[in-house]
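I need the structure of the sequence given here:
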Amino acid sequence: MSGVGFGKTILFGEHFVVYGLQGIAAAIELNTTCVYKESKEGIISNDLVTRESINVEKDPQKRLSKVIRVILNEIGIREKNFELVLSTNMSLMGGMGSSAALAVSIIRCLAQRFSIPLSNDAVNKIAFSAEKIFHENPSGIDNTVSTYGGIIWFEKGKEKNKIGRFVLEKPVEIVLIDTGIIKDTAEVVEFVRQEKEMNSEEFKKIFSDYSALIEKAKIAVTENNWIETGKLMNQNQELLRRIKVSSPEIEKIISVVNENGAIGSKITGTGLGGNVIALTPGKKLQNKVSDACEKIGYKTFKISIGIKPKDE
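Model prediction:
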């Protein structure tokens with residue numbers, strides 16, 4: 001019995017979605033898988049970040065233990081002896097939605113093992129509860145795209161989030177570039193909140209600029225107009241600079257990918273570290289941008305956006 005949670009990349013909306021503005025995110029082919037095994041030693045699992053074995057009963061304060069307990073409670077599972085074997089091909093540095101993918105993979109695995117029918121809406125809701133353990137005040141965009149796959153627009157609501165799905169004519173190549181710097185999402189979100197409180201007028205202007213940008217972006221993605229999408233991604237990155245979540249490493253990567261022909265590039269995820277996304281339609285451009293980044297010492301992921309569940 002196994003379950004899969006998609007990784008994600010955010011084309012538009014880092015931090016802005018936390019404050020109720022719309023964002024656009026896409027599932028990627030990188031993912032996390034959870035496999036169920038029988039056990040007589042309690043509920044155990046492997047922590048992908050620390051690489052230690054976690055016993056939910058004996059290690060109650062471990063974050064993974066809290067996540068598993070929340071999922072068990074919300075699904076309604078009382079079984080006390082099993083093992084969850086987790087594996088991933090994603091970067092855990094931030095920006096790929098690794099915590100959401102983890103939660104979704106566990107939920108789908110347990111639902112399959114115990115024959116509990118869960119709709120995508122139900123999976124998404126439970127995954128959001130798990131995300132709160134990781135990030136305190138998550139927007140909900142990571143768990144949404146990890147659950148539904150494809151490419152979506154997202155808007156955080158007071159009672160219920162709004163989502164819509166785009167249709168891609170064909171897969172679109174991108175490169176994700178890992179800065180090698182891990183940043184805690186909750187800490188960066190809090191940093192931005194404090195900046196917003198201290199610079200309220202500036203943030204009003206930034207939010208207004210972003211609101212106009214996202215409307216154009218929705219049209220561009222709907223039309224599969226990647227040239228326009230790339231231009232708007234560059235504009236989004238400028239707004240992220242203005243809220244101070246860029247960094248020298250991020251700017252170095254952006255400079256290199258742009259010099260090598262990327263149509264658009266920006267932070268994907270929390271910022272101040274994590275990953276950069278470069279929009280590179282076509283294998284030739286994708287390879288060129290990836291090679292240039294690896295030449296200066298950065299790990300890259302050559303993938304396509306908009307991955308859908310197998311049953312679609």
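
what sits against the spatially most central residue of the chain?
In the chain, the residue lying closest to the centroid (C-alpha atoms, centre = their mean) is residue 97, at 2.7 Å. Residue 97 sits next to 6, 7, 8, 142, 143, 145, 146, 269 when contact means C-beta atoms under 8 Å, 6 or more residues apart in numbering. For the C-beta atoms, the positions are set from N, CA and C on the backbone; glycine is no exception.

ok, 10 Å please
By C-beta atoms under 10 Å, 6 or more residues apart in numbering, residue 97 lies in contact with 5-10, 25, 27-28, 30-32, 90, 103-104, 131, 141-146, 185, 268-269.

just the pLDDT for it.
Residue 97 is assigned a predicted lDDT (pLDDT) of 87.

how far away is it from residue 176?
Distance of residue 97 to residue 176, given as C-beta to C-beta, to the nearest Å: 12 Å.

now residue 10
In terms of C-beta to C-beta, residue 10 sits 11 Å off from residue 176.

okay, and the common contacts of those two?
What both residue 10 and residue 176 touch, as defined by C-beta under 10 Å, 6+ apart, is the set 95, 96, 268, 269, 275, 277.

picking that back up, which residues do residue 97 and residue 176 both contact?
Taking C-beta under 10 Å, 6+ apart as the contact rule, residue 97 and residue 176 both touch 7, 9, 28, 30, 90, 268, 269.

one step back: now render the shared contacts of residue 10 and residue 176 as TSV, adding distance to residue 38.
Shown next, in TSV, are the shared contacts of residue 10 and residue 176 (distance: C-beta to C-beta, whole Å):
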residue	distance to residue 38
95	35
96	31
268	38
269	36
275	37
277	40
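
specify which member of those is nearest to residue 71.
residue 96 (20.3 Å; C-beta to C-beta).

for the stretch 201-312 of the chain, which spans come out with low pLDDT?
Applying pLDDT under 70 to the stretch 201-312 of the chain flags residues 307-312.

show me where it has its helices.
Using DSSP state H, counting those that start in this stretch, the helices of the stretch 201-312 of the chain run over 226-242, 248-259, 283-295.

so how far is residue 95 from residue 250?
Taken as C-beta to C-beta, the span from residue 250 to residue 95 is 10 Å.

mutual contacts of these two, please.
177, 179, 267, 271, 273, 274, 275, 276.

check the offset of the longest strand belonging to the chain from the chain's centre.
Counting residues, the longest strand found in the chain (DSSP state E) is strand 23-38. Chain-centre distance of strand 23-38: 10 Å, with C-alpha atoms, centre = their mean, to the nearest Å.

so it versus helix 226-242, what angle?
Angle, strand 23-38 to helix 226-242, by axes from the mean of the first three to the mean of the last three C-alpha atoms, to 10 degrees: 90 degrees.

circling back: so which of the shared contacts of residue 97 and residue 176 is the closest to residue 200?
Among the shared contacts of residue 97 and residue 176, and counting by C-beta to C-beta, the member closest to residue 200 is residue 269, at 24.9 Å.

about what we covered before: and residue 250 and residue 95? Which one has more around it.
residue 95 (30 against 25; other C-beta atoms under 10 Å).

now that one: closest residue in space, sequence neighbours ignored.
Distances taken as C-beta to C-beta, 6 or more residues apart in numbering put residue 269 closest to residue 95, at 2.7 Å, once the chain neighbours are dropped.

so who does the one you found touch?
8-10, 14-15, 91, 93-98, 142, 176, 183, 185, 188, 245, 275-277 are the contacts of residue 269 under C-beta under 10 Å, 6+ apart.

and what of residue 304?
The contact partners of residue 304, taken as C-beta under 10 Å, 6+ apart, are 26, 28, 29, 168, 170, 171, 172, 173, 174, 281, 283, 286.

list buried members of those residues by neighbour count.
For those, a burial check counting by 16 or more other C-beta atoms under 10 Å picks out 26, 28, 172, 173, 174, 281, 286.

can you give me the helices in the stretch 1-150 of the chain?
63-75, 98-113, 120-135, 141-148.

in a markdown table: the ones you listed, plus distance to residue 219 and mean neighbour count.
Listed next are these as a markdown table, based on distance: least, C-beta to C-beta, whole Å; neighbours: other C-beta atoms under 10 Å:
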| stretch | distance to residue 219 | mean neighbour count |
| --- | --- | --- |
| helix 63-75 | 37 | 19 |
| helix 98-113 | 27 | 26 |
| helix 120-135 | 26 | 20 |
| helix 141-148 | 20 | 29 |
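
out of these, which comes closest to residue 297?
helix 98-113 (22.2 Å).

other SSEs contacting that closest one?
With contacts taken as 3 or more C-beta pairs under 10 Å, 6 or more residues apart in numbering; DSSP states H and E, helix 98-113 sits against strand 2-12, strand 23-38, helix 63-75, strand 82-88, helix 120-135, helix 141-148.
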